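> turn this into a structure:
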Amino acid sequence: MSQYITVSDFKIQYPDADVSKYADTTISGMITRASERVDSFVEYSFDSETITDELSDGNIDEDSNIVFFPRKRPIIDLTALAIVKGSTTIDINLTDGSDSNIYNIPEAGDKVYIPLSVITVNSVSVINFYSLRTTNFMYKASYTCGWDTIPYEVQDATGLYVLELMSKGQNLAGASMVSQGGISISYRGNSKGKSDFVLDAERLLTRYRKVSGF
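Numbers count the residues shown, from 1 in each chain. Down below sits the predicted model:
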């Protein structure tokens with residue numbers, strides 16, 4: 001897996017952290033563990049990957065667009081989409097007669113739009129798909145997703161998890177507050193005993209958490 005922050009960037013981002021006790025290889029190992037913890041919290045990897053035959057609830061909006069919400073985001077490209085209803089699966093052509101994509105992906109990469117008016121199956125317009133708006137159906141989709149550049153919030157959260165690992169090494173007695181270099185950290189009185197570092201990291205990552213069902 002990828003490391004979501006480099007050793008040099010960690011040192012620049014947290015100049016008050018006391019790294020004098022740690023070789024760069026040790027810090028790199030901590031970054032790997034911290035990156036894994038990020039993945040565990042959001043329940044996926046930020047590395048680019050290909051998702052194949054993902055099933056999700058079908059949705060047609062008020063403007064008569066097919067709207068597909070990928071469960072891992074951002075979506076980079078849609079490679080296949082089918083409508084599944086009961087035992088019937090209908091593959092949708094994703095390009096028009098000029099070989100141009102008929103779908104649109106907003107900049108946020110959180111959904112895909114396809115106007116029903118341009119949908120074809122074997123070059124035949126599928127007008128009766130409008131009736132699906134009032135029924136239950138599924139999408140089966142294949143797509144590529146992920147980040148070419150790791151978001152800043154994810155880099156920050158990874159650094160916070162590294163600070164947590166460093167502080168735990170100094171808090172073997174279970175104190176309610178310790179210092180990591182020039183940074184003080186408290187372990188708040190909550191049921192999970194999470195530190196400020198962990199709580200701040202989770203706050204940064206919340207918007208990236210996996211949507212239900214992935």
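
> against which helices or strands is the host helix or strand of residue 83 packed?
In the assignment (DSSP states H and E), residue 83 maps to strand 75-85. With contacts taken as 3 or more CB pairs under 8 Å, 6 or more residues apart in numbering; DSSP states H and E, strand 75-85 sits against strand 65-68, strand 88-91, strand 112-115, strand 138-145. Any C-beta I mention is one placed from the backbone N, CA and C, and that applies to glycine too.

> other SSEs contacting whatever helix or strand comes next after the longest one?
The one in question is strand 138-145. The element immediately downstream of strand 138-145 (helix or strand, assigned by DSSP H and E) is helix 152-169. On a contact count with 3+ CB pairs under 8 Å, 6+ apart, helix 152-169 meets helix 7-13, helix 24-42, strand 177-180, strand 183-186, helix 196-205.

> just the ones you listed: most buried one?
helix 196-205 (a mean of 20; mean count of other CB atoms under 10 Å).

> check the offset of that one from the chain's centre.
16 Å (CA atoms, centre = their mean, to the nearest Å).

> now the angle from that helix to helix 152-169?
Counting by axes from the mean of the first three to the mean of the last three CA atoms, to 10 degrees, helix 196-205 lies at 160 degrees to helix 152-169.

> which stretches of the chain have low pLDDT?
Scanning the chain with the threshold set as pLDDT under 70 gives 1, 122-128, 169-192, 211-214.

> domain map for it?
Annotated domains of the chain cover 7-46+149-208, 49-145 [automatic domain parsing].

> which of the helices and strands packed on helix 152-169 sits closest to residue 69?
Residue 69 lies closest to helix 24-42 among the helices and strands packed on helix 152-169, at 16.5 Å (CB to CB).

> residues in contact with the closest one?
Residues from elsewhere that reach helix 24-42 (CB atoms under 8 Å, 6 or more residues apart in numbering): 1-7, 10, 19, 22, 45-46, 154, 157-159, 161-162, 164-166, 201-202, 205, 208-210.

> which of those are buried?
3-5, 7, 10, 19, 22, 45-46, 154, 157-159, 161-162, 164-166, 201-202, 205, 208 (16 or more other CB atoms under 10 Å).

> re the thing from before, in a markdown table: the helices and strands packed on strand 75-85, plus mean neighbour count and distance to residue 50.
Formatted as a markdown table, the helices and strands packed on strand 75-85 follow (neighbours: other CB atoms under 10 Å; distance: least, CB to CB, whole Å):
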| stretch | mean neighbour count | distance to residue 50 |
| --- | --- | --- |
| strand 65-68 | 19 | 16 |
| strand 88-91 | 12 | 18 |
| strand 112-115 | 18 | 15 |
| strand 138-145 | 19 | 5 |
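
> okay, now the sheet partners of the strand holding residue 83, with direction.
The strands that strand 75-85 pairs with in its sheet are strand 88-91 (antiparallel), strand 138-145 (antiparallel) (by DSSP bridges).

> returning to that earlier point: closest one to residue 77 among the helices and strands packed on helix 152-169?
helix 24-42 (21.3 Å).

> show me how far that closest one is from its chain's centre.
The mean C-alpha position of helix 24-42 is separated from the chain mean by 17 Å, CA atoms, centre = their mean.

> following that helix, which helix or strand shows up next?
Downstream of helix 24-42, the first helix or strand assigned by DSSP H and E is strand 49-57.
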